[in-house]
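**Student:** Quick check, what structure comes out for this input:
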Amino acid sequence: MLLEKEAARVVSSNKIKSIGIISTDEISKWIDVKEEVNRIFEIDNAKIFSYRVQNKKNPTSSIHFSEKSFGWKAQVKDQKLKAFLNEPFDLLIGYFNKKNLYAELAVLQSSATFKAGISKVNQQLYDIEIAEYPKNTERFLLELKKYLEILKKI
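**Tutor:** The predicted model follows:
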């Protein structure tokens, strides 16, 4: 599936107007990534979905997905997640720094035209990677913004 997606992928040269974020509940508990993206990129329309292990104490919500959001052969079953992944964001930020099969699947299946993420997770998923710790959200986003300016995407 990764090879098929990678072979068919076309990187857009369009300016960035819409931003999607895929993160994990672990990160979302201590930082509001969406708010930081809106502030740094001076927008107000960023959207986020976070991976959360589903159990009785942690049911998924409208901005969370879990392992149960995927079916056989990694097909997305959750309609809200499917709508998010089908949205053609100008930029998708994979904001997680640990291997996570479900978050990586979500990034892979996203229809975003440009993808950025934290390095050392899975370099095949992203068009650009930034080496930074998730706790340094502002530094990560400022560095990403700098590279997007160089690429004339903002």
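**Student:** By residue count, which helix of the chain is the longest?
**Tutor:** helix 137-150 (DSSP state H).
**Student:** can you pull out the helices in this structure?
**Tutor:** 2-8, 25-28, 33-40, 79-86, 101-109, 137-150.
**Student:** So which of those is nearest K47?
**Tutor:** helix 79-86 (6.6 Å; Cβ to Cβ). To be clear about C-beta, it is placed using only N, CA and C from the backbone, and glycine gets the same treatment.
**Student:** rewinding a little: could you look over the helices of the chain and pick the most buried one?
**Tutor:** Compared across the helices of the chain, helix 101-109 shows the largest average neighbour count, a mean of 21 (mean count of other Cβ atoms under 10 Å).
**Student:** That one to helix 79-86, inter-axis angle?
**Tutor:** 50 degrees (axes from the mean of the first three to the mean of the last three Cα atoms, to 10 degrees).
**Student:** I'd like the average pLDDT over helix 101-109.
**Tutor:** Per-region confidence: helix 101-109 scores 96 on mean pLDDT.
**Student:** what helices or strands is it leaning on?
**Tutor:** helix 2-8, strand 19-24, strand 47-51, helix 79-86, strand 91-95 (3 or more Cβ pairs under 8 Å, 6 or more residues apart in numbering; DSSP states H and E).
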